[in-house]
Structures are given as structure tokens and as C-alpha cells.
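Q: quick one: sequence and predicted model below, then my questions.
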Amino acid sequence: MRWTMDEIVRFRCPTGPSWSPDGAHLAFFLSGAGREQLCLLDRAGRLRELPPLPASPAAKMWGGVQPAYDWFPDGRALLRVAGGLWRCDLDGGPPQRLTPGQEPESHPSCSPDGRTLAFRQGARVALLDLATGGLDGFDLPGPLYAFAPHLAWSLDGALLAAAFRRLDAAGRPARRGLDLAVVTTQGRLLWATDTPGTAANPQWLDARRLLFSRYNRTHTRVEHVLLHLPAGPERLLLAEEEPRGLPADFVEGLGSRGPLLSPDGRAAVLVRPHQGWDRLHLLDLQSGHLHLLTEGPGEEGEPAWSPEGRRLAYLANGRPTPFDRELRLLDLRTGQVRALCSGPGVRAEPVWSPDGRALCFVRAGPGEPPALWRLEVDSGEAACLAPAWPAGSMWRQDVPPEAVWIEAADGRPAPALFYARPGLRGRPGLIWLHGGPGMQHYRGWPADYGYAMHHAVHQLLLERGYSLLYLDYRGSTGYGAAHEQANYLGIGTAELADLEGAARFLAGRPEVGAAPLVLMGRSYGGYVALSGLARLPHLFQLGIIVAGFGDMHSYFSGPPDFWDDAACFRWRMGWSAEEQPRAWAAADVLPDLGRLRAPLALFHGRDDQAVPVEDARDIEQRCRALGKTCFYHEYAGEDHVFAAEATWRDFAGHLLGYLARFAG
């Protein structure tokens, strides 16, 4: 049975699992081509799909930062975001609109007593009385940060913390970075930061103590601070410094590195470097003592506290290989660590059941597209709750990868996964580059929808006799700080040594040999691919760029609310063009487009919130002005990750066509 797009567009990827407060239901999304369905599972395993709600431009937030649903504290209803805020009762009644949705509304947060809903409404904080329907709101010293406002209630429901951006006299952002404010529910300002960098990640210990993180301007130092309200003082608990820039997950406190407050508010877990590898650490909020919890192997992350606060579930790679990520459990009383789910592939999004007896997580690997699993922690018994494809599908026919370490042109090792069907000889090879750059390829299927769909399309290529090399170029995570920081002050240029090594590796494989090579990347991987095509033009016969860009200056001139997330690039470039002019000049690929030899195909969403479509249009216009062969495909209504079935069909069809025409 052959792979077809009719089969691929049936794929549905589970994501965002969340238990109801009483543990009676598990909610999660099933994302598929052209649809994103919110589903409910009850204790008996019965699956129910909730009715769709209107699409909302306000909810189109790149990277999953915008939470699309949450539970009301009583567990009887779900709070959903779609063209406003909605209440969806579990008894099956019709959805109830809570807000008009005339302005962008997002990031709802329910008060501890469940009576009031705080949320972002345009640039201000809005408060909805759930009993009366009364709507009120107030402004902060600047507009609320739309990308992630960090709305957090004090435990008595009297105060709110939120992130905002200060403006200058002309009403423009005064600087890159955010500040935090604490206000009463009447809008009275009690406290606010005024930092040249960013303050983020507020977490309440109780009614008056607030834990938050404060970054310097260049994101080379972060301070974890405990604030006592109403008037202070601040107490510095821990400072972390990294001259080459803090890891990408630190940016705006949006990542999973922490600090993550314990259920009793006495400690916080952090992911921070130890001897060049990410390790779990425990920060005592009374003494300020920092304790190393784990010592590998591999890199660790995404910790999740058990409800009683005595255990931590977390993810770690290194066993059996760095290309695999297992789910582990740490008992804080004994220090014992045990693997809960291991083997080839990746585990993601671990979530505890409210009674602490089970974990829900996403699992994927060779022959196993992402599926939602439940695991009983004590017995180890596991059950699949939601498969990626309906029963009887052909997904187990995918090609398993070979984990390899290639030698880059400068002698450094570069990790990669090689996919090829047995018996191939002298057929074209493709190099596939992930985005990020702070990401990693795992063996087999990825755990998220966007990359899983690309992996499914790649099965079409493998079936037609192409080989693929999934390259974790320098800057990728999962292999220690040395690999992650190896493109410092070398964005767009340092990675070229890995591309040269990858091309040499494929040329040395009998499956490829002297056959044409294709360079293909998505997002930041598309940028690296464009750099390789322009600066190593003799190596590649075709380039495929999905949601990519070529000019860092243009990229950073996007919407103000994206500037701060882009700090994950800035620290790798020495922060600013004024401070590191040579690094910034070298990162601009556009002046080298005249060196292109290979035909170039560009695919981009018109509504891309991460990489503005103008960047792709600029590349296309420059290539045509230079007389280069360039094909351009722009998809209306598409964001950074393609969603519509028609888009995926068009993309796959053109991809196969270009490969047949230019690579053979």
C-alpha cells in the first residue's frame, strides 16, 4: 500500500492535554489538516468532540503561546477562546458567549474563587463578573503585552500581576523588553518594575509574595526575585549569567526552564546548565539555597510537579541515544530516578492527574505517529487514549532512521538522522533543517503537528526513492551547551560547515553517491538553507524554503510584540548591530543571492505571525531581479504552521514536481 495525500490529510495530532480539576475528564486538541478539534475523554474512555467555535484572528498566536482553552475551577465547564471568550458546559448544552469579541481578547485567567475572569482585551486588562456578566477593565502604565501578558492572580484573588510595555512620549515602545505591574482588582497600581531589560514569569506564593524573573538588556543575566507587597522589599534569590546569552527558553519566561513554583510555594524547580548540560535544580525560596537534583545522562527539561509536591516528572534525552527523549520520575524524598516511558522516539507534554496517580503525555517514534497516552505511575501500566490516525491506517509503514554523527567541514561532529529505503543506489538526497534554532530532531515521528505533517509528506519522498538527512546543525538543543552555542556570533555562517559535512556524508552513501542534492528547511531552518544555497552554491541542485527569511534586520523590524521573543536570535548575534556589526552583516543573506545557482521554491503563509510574509516576497523579488529561477507560493489565511488541507496538498504536489524536474 502506497502513501497518498488522501491518507496523510487524515492525520490528527493530539496536543495540549489538561485534566479537569476533579480528574473526571481529560481535554485535549486533535489538530489535523484544516481543523483543530477540542475533545473530551471521561473516566470510562468515552471520547466526545466539542462543537466548533468561530475562528478568531485574535487567537492566531504563533507557537502555541495563546491558550485556546482552560477549565473553570469547578470542573463543570471549559473556557474557550475564539472570537471572544466562551463557556462550554460539559452537560452538552450550547456554548455560551461571555464577551463581545469586538477587540482582540485572549489569555483568560480565572480568579481562585471562580467568580471573576481576567483577560487581555486589546491593550488593557479586562475583568468579567461571571455571576452578573458585568464587564470592567483598566489600563496599566503601558499596553498589556499581547504575545503573553502573564496574567497571574494572588491566592486571595485581591491582586493581579501582568506584563506590559512602556511607551515613550510619542506613544512608541520605549525599548525592547517588558515590565511587570501588580494592581488591585479596581486597577490601583501597587508596584511596577522599570528595567532596561525584561521582567516576566510572575508566580504568587500566597496573597502578598510574588516570585518573578528579571533579565538584563542583552539576556546574558537573569535574576530570580521574591517581592513582598504592598510596598516591597525585593529579595534576590538567585542570579544566573551566561556571557554568550541565556538559553532560548529563558526568553520572556515563556519556556519550560522555570522557575516553576512547587504546589506548597516553598520551592521552585529550574532547568539550568551544569557542566555543559541542562539539569534540574531545586531553589529553596526561604534560604535561597540551590540544589542540583539530577545528573543525567543527557539533557533534561519540562519538569512537572506532582499535585502533592513530592515528585517531579520530566523529560530527558540520552537513553538509549541523544536522538530519543524519555519520561522520567524523580522522588524528591529519596532522590531516586526511574524511567517511566523510554525507547526510540520522543515523549512530550507530561501532565499529572489531580490525584497524582497517573500522567498523560504525547508519545511518538519510529512507526508511531504522535498519540496521547495515559500511564499509571505506580504500576507502569500504559494505555493509548487518542491515536494519530484512525485504526487501519498505514502509518506503521514509515521508514525507520539511522542515527549518525557526521563530520562538519571544520571537524566538529554534527548529529543527524538518515532515512532511506533499503536497496537504493545513486538516488537524490535531501537535507532537512528544523526551525528554532533551539530545537532537535528525534528518531521517527515528531510530537507536534507541523513537523509531523512534514514528516508524513517526507514518506512520499522516501517511497519515490529519495533519501533524507534530518540535520541537527549547530545551535540545535539536546546535545549540550557546546553544540547549542556553536553558532554564537556566527548566525547564518557557522552552520555552513555542518551543511558541507552533510553534503559530503550523502555523497559518501551508496544510496546517494553523485546524485543531486536538495537543501530544504522550515522557519529558521529555511534561513539556514537559503544561506547554504547562496554561499555554497556548488553543492545543491534545488532549494526548498518553507516560512523562511533572509534578512535579520527586516526580521527584527516586525511587530513590537515579537521583538522580545526574537531574543533567542539576538543573544546568538551579540544582541545588536551596533555592538556586533560584523556578525549582523554576515547574517544578512540577501546580498549573496546573486551567487545562487540552484532553482529556489518558496512557500509562505500570508498571515504568518512569526516570519512576516514580506520577507518571503522580498526574497522572490530580488531573485527575479537577478535573473534567478524562483518559484513562489503564498497561502491566504495560513500562519507560520500550515493548517488547511488544500495548502498541504498544494505544497506536497509542488514539492514532488520540483524534485522530479530538478533533481530527478
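A: Thanks, I have the structure now. Just so we're clear, the structure is a prediction, and the values are computed from it rather than from any experiment.
Q: flag the shaky bits of the stretch 101-250 of the chain, pLDDT-wise.
A: Applying pLDDT under 70 to the stretch 101-250 of the chain flags the ranges 248-250.
Q: can you do 90?
A: Under the criterion pLDDT under 90, the flagged ranges of the stretch 101-250 of the chain are 101-107, 144-150, 165, 167-178, 195-201, 215-220, 222, 230-233, 242-250.
Q: can you show me the strands along it?
A: All strands of the stretch 101-250 of the chain, identified by DSSP state E, counting those that start in this stretch, fall at 105-110, 116-121, 124-129, 135-138, 152-153, 159-164, 179-184, 189-192, 198-204, 209-215, 221-228, 234-241.
Q: would a markdown table of these with mean neighbour count and distance to residue 619 be doable?
A: No exception for glycine: its C-beta is placed from N, CA and C like everyone else's. Formatted as a markdown table, the strands of the stretch 101-250 of the chain follow (neighbours: other C-beta atoms under 10 Å; distance: least, C-beta to C-beta, whole Å):
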| stretch | mean neighbour count | distance to residue 619 |
| --- | --- | --- |
| strand 105-110 | 23 | 31 |
| strand 116-121 | 24 | 34 |
| strand 124-129 | 19 | 38 |
| strand 135-138 | 14 | 42 |
| strand 152-153 | 20 | 41 |
| strand 159-164 | 25 | 34 |
| strand 179-184 | 22 | 36 |
| strand 189-192 | 16 | 42 |
| strand 198-204 | 25 | 31 |
| strand 209-215 | 23 | 32 |
| strand 221-228 | 20 | 35 |
| strand 234-241 | 15 | 37 |
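Q: right, and the ones you listed - which one's nearest residue 579?
A: Residue 579 lies closest, by C-beta to C-beta, to one member of those: strand 221-228, at 15.5 Å.
Q: how far does that closest one sit from its chain's centre?
A: 25 Å (C-alpha atoms, centre = their mean, to the nearest Å).
Q: and stretch 305-318, by the same measure?
A: 20 Å.
Q: same question, stretch 283-295
A: The answer for stretch 283-295 is 27 Å, by C-alpha atoms, centre = their mean.
Q: what of stretch 133-147?
A: That offset, for stretch 133-147, works out to 26 Å (C-alpha atoms, centre = their mean).
Q: hmm, who's touching that stretch?
A: Residues from elsewhere that reach stretch 133-147 (C-beta atoms under 8 Å, 6 or more residues apart in numbering): 61, 65, 98-99, 104, 106, 120-129, 162-167, 178-179, 181, 183, 186-187, 189, 192, 252, 561-562, 564-565.
Q: how about residue 655, phi and psi?
A: Backbone torsions of residue 655, given as degrees, to the nearest 10, read phi -60, psi -50.
Q: that one against residue 457, yeah?
A: Yes: using C-beta atoms under 8 Å, residue 655 is in contact with residue 457, at 6.9 Å.
Q: ok, the two, which is more surrounded?
A: Shown here are residue 655 and residue 457; by other C-beta atoms under 10 Å, residue 655 has more neighbours (23 against 17).
Q: got the contact list for that one?
A: If you count contacts by C-beta under 8 Å, 6+ apart, residue 655 has them with 457, 461, 544, 601.
Q: state the pLDDT value of residue 257.
A: In this prediction, residue 257 carries a pLDDT score of 74.
Q: do residue 398 as well
A: Looking at residue 398, the pLDDT reads 77.
Q: please apply the same query to the one 3 residues further on.
A: According to the model's per-residue confidence, residue 401 sits at a pLDDT of 95.
Q: correct me if wrong: it contacts residue 421.
A: No: judged on C-beta under 8 Å, residue 401 makes no contact with residue 421 at a distance of 11.9 Å.
Q: hmm, back to that, of the contacts of residue 655, which belong to strands?
A: If you go by DSSP state E, the contacts of residue 655 have 544, 601 in strands.
Q: neighbour-wise, which one of the contacts of residue 655 leads?
A: residue 544 (26 neighbours).
Q: so which of the strands of the stretch 101-250 of the chain gets nearest residue 650?
A: Of all the strands of the stretch 101-250 of the chain, strand 105-110 comes closest under C-beta to C-beta, at 30.0 Å.
Q: list the helices and strands the closest one packs on?
A: Secondary-structure packing of strand 105-110 (3 or more C-beta pairs under 8 Å, 6 or more residues apart in numbering; DSSP states H and E): strand 69-71, strand 77-81, strand 116-121, strand 152-153.
Q: alpha carbons only: can I get the second one in PDB?
A: C-alpha atoms of strand 77-81 as PDB (Å, rounded to 0.1, in the frame of the first residue of the first chain):
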ATOM      1  CA  ALA A  77     -17.200  23.800  32.100                       C
ATOM      2  CA  LEU A  78     -14.400  24.700  29.700                       C
ATOM      3  CA  LEU A  79     -13.400  28.300  29.000                       C
ATOM      4  CA  ARG A  80     -12.500  28.700  25.300                       C
ATOM      5  CA  VAL A  81     -11.000  31.500  23.200                       C
END
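Q: please renumber the chain so that the first residue is 453 from this point on.
A: Right, with 453 as the first residue, what we last looked at is strand 529-533.
Q: same list (the contacts of residue 1107) but as JSON lines, adding distance to residue 728 and pLDDT.
A: Output for the contacts of residue 1107, formatted as JSON lines (distance: C-beta to C-beta, whole Å; pLDDT from 0 to 100):
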{"residue": "909", "distance to residue 728": "36", "pLDDT": "96"}
{"residue": "913", "distance to residue 728": "36", "pLDDT": "96"}
{"residue": "996", "distance to residue 728": "34", "pLDDT": "98"}
{"residue": "1053", "distance to residue 728": "39", "pLDDT": "98"}
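Q: who has more neighbours, residue 853 and residue 873?
A: residue 853 (21 against 14).
Q: which ones are touching the more buried one?
A: Shown in contact with residue 853 (C-beta under 8 Å, 6+ apart): 775, 818, 869-871, 895-896, 922.
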